[in-house]
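Trainee: What shape does this take:
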Amino acid sequence: MAYNTMTQQTHILLVEDDRRLIQLIRDYLEKQDFQVTTAERGDIAVTLITQTQPDLVILDLMLPGKDGLSVCREVRHRYPGPILILTAREEDSDQVAGLELGADDYVKKPVEPRVLLARIRALLRRLSQPHPEAQKEATLVFDKLVICPESRKVTFEDQEVDLTSSEFDLIHLLAEAAGTIVDRDSLFRSLRGIEYDGLDRSVDVSISRLRKKLGDSSTKPFKIKTVWGQGYLFVPDAWY
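Mentor: Numbers count the residues shown, from 1 in each chain. Alright, predicted model coming up:
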C-alpha cells in the first residue's frame, strides 16, 4: 500500500493491485490536481474507505484479501460517495453485480486515462459546490415522496431513503420531468457524460434499485414505468 500526502482539493482512493497500472493512473490524476491515495488489498481498502471518506473510490474487482464486489458490499452503507469500478472482465454479469451492490459506474481495462478522467469528472460534478441558483432549486413533492435538491435527500412516507449519489441524481432527473418519458440517451449524458451505446445496463440496474427502495413493483412497476423502446416515465400521482 502506498500513500500520497499532497493536499489537493479532491481526494481519490485507488484500490488496485497492478503496480504498473497504479503508477499510470496516479501520475495522470495527480497531473490533473487530484490527491491520490492507493491501496493494493481489498481488506485494507474497506478500512481506508470508511475511515478517510474520500471524494471518490476507484475500485478494481480482482484484489487480494477481499474482492472488489465484497468491498463494495461492505462499505456502501457507510460511504455515500461515488464508487467507480475497474474491470478486466467482459461479462455483463460482473458489471451488473457491481452496480447492484451500489457502484456508480465502471470502466473496462485496459484503462484509457482520458476516458477514466471523463468518468471521474462526471461522477464528481454532483459533489462540486452548487451554483447559487442551484441552491434555490425547489423541493419536489409528490404526495408521500419528497425530493430535496439542496440537501440531496429523499423521504418517502416520512422516512429518509438511503440512496447513493447516482441514485439521487437519477430520481431527481426523472422527477423533474414527471409525466414525460425520459430516454436512456438523455439519462446517460446527464449521469455518466457519455452517449448510450445500446448495450450498457447501468441505468436499468439503477432504476431497479430505485424501485426496490421506493416500494415500486419489480414486475409491474407503476411509479417509475419502463416505456419499451423509449425510456422511463416518472408517474407523478403514484406516490400515495
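Trainee: that's a helix at residue 191, yeah?
Mentor: Yes. Per DSSP: H, G, I helix; E, B strand; the rest coil, residue 191 lies within a helix segment.
Trainee: Leaving out chain neighbours, which residue sits closest to it?
Mentor: The shortest distance from residue 191 to any residue other than its chain neighbours is 5.8 Å, reached at residue 169 (Cβ to Cβ, 6 or more residues apart in numbering). Heads up, the C-betas are built off the backbone N, CA and C, glycines and all.
Trainee: quick one, what contacts residue 85?
Mentor: If a contact means Cβ atoms under 8 Å, 6 or more residues apart in numbering, then residue 85 has 59, 60, 61, 68, 72, 95, 98, 103, 105, 106, 107 as its contacts.
Trainee: In helices, which of those appear?
Mentor: Of the contacts of residue 85, the ones assigned to helices by DSSP state H are 68, 72, 95, 98.
Trainee: So for those residues, which is the shakiest by pLDDT?
Mentor: pLDDT is lowest at residue 95 among the ones in helices among the contacts of residue 85; the value there is 72.
Trainee: What is the burial count for that one?
Mentor: 22 (other Cβ atoms under 10 Å).
Trainee: Tell me the spacing between the nearest residue to it once chain neighbours are set aside and residue 166.
Mentor: If you skip the residues right next to it in sequence, residue 95 has residue 106 as its closest partner in space, 5.1 Å away by Cβ to Cβ, 6+ apart. The spacing between residue 106 and residue 166, counted by Cβ to Cβ, to the nearest Å, is 12 Å.
Trainee: again with residue 148
Mentor: In this structure, residue 148 lies at 17 Å from residue 166, with Cβ to Cβ as the measure.
Trainee: Can you pick out the residue with more neighbours from those two?
Mentor: For the pair residue 148 and residue 166, the greater number of neighbours falls to residue 166 (24 against 16), based on other Cβ under 10 Å.
Trainee: just checking, next helix/strand downstream of the host helix or strand of that one?
Mentor: If you go by DSSP states H and E, residue 166 is part of helix 165-176. Later in the chain than helix 165-176, the nearest helix or strand by DSSP H and E is strand 181-182.
Trainee: Could you check how far that next one is from the centre of its chain?
Mentor: 21 Å (Cα atoms, centre = their mean, to the nearest Å).
Trainee: average pLDDT across that strand?
Mentor: Predicted confidence along strand 181-182 averages 95 (mean pLDDT).
Trainee: Quick check: which helices or strands does that strand pack against?
Mentor: In this structure, strand 181-182 packs against strand 231-234, with contacts taken as 3 or more Cβ pairs under 8 Å, 6 or more residues apart in numbering; DSSP states H and E.
Trainee: Alpha carbons of the strand it packs on, in PDB - could you do that?
Mentor: C-alpha atoms of strand 231-234 as PDB (Å, rounded to 0.1, in the frame of the first residue of the first chain):
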ATOM      1  CA  GLY A 231     -37.200   5.300 -21.900                       C
ATOM      2  CA  TYR A 232     -38.600   5.800 -18.400                       C
ATOM      3  CA  LEU A 233     -41.600   7.600 -17.100                       C
ATOM      4  CA  PHE A 234     -41.900   9.000 -13.500                       C
END
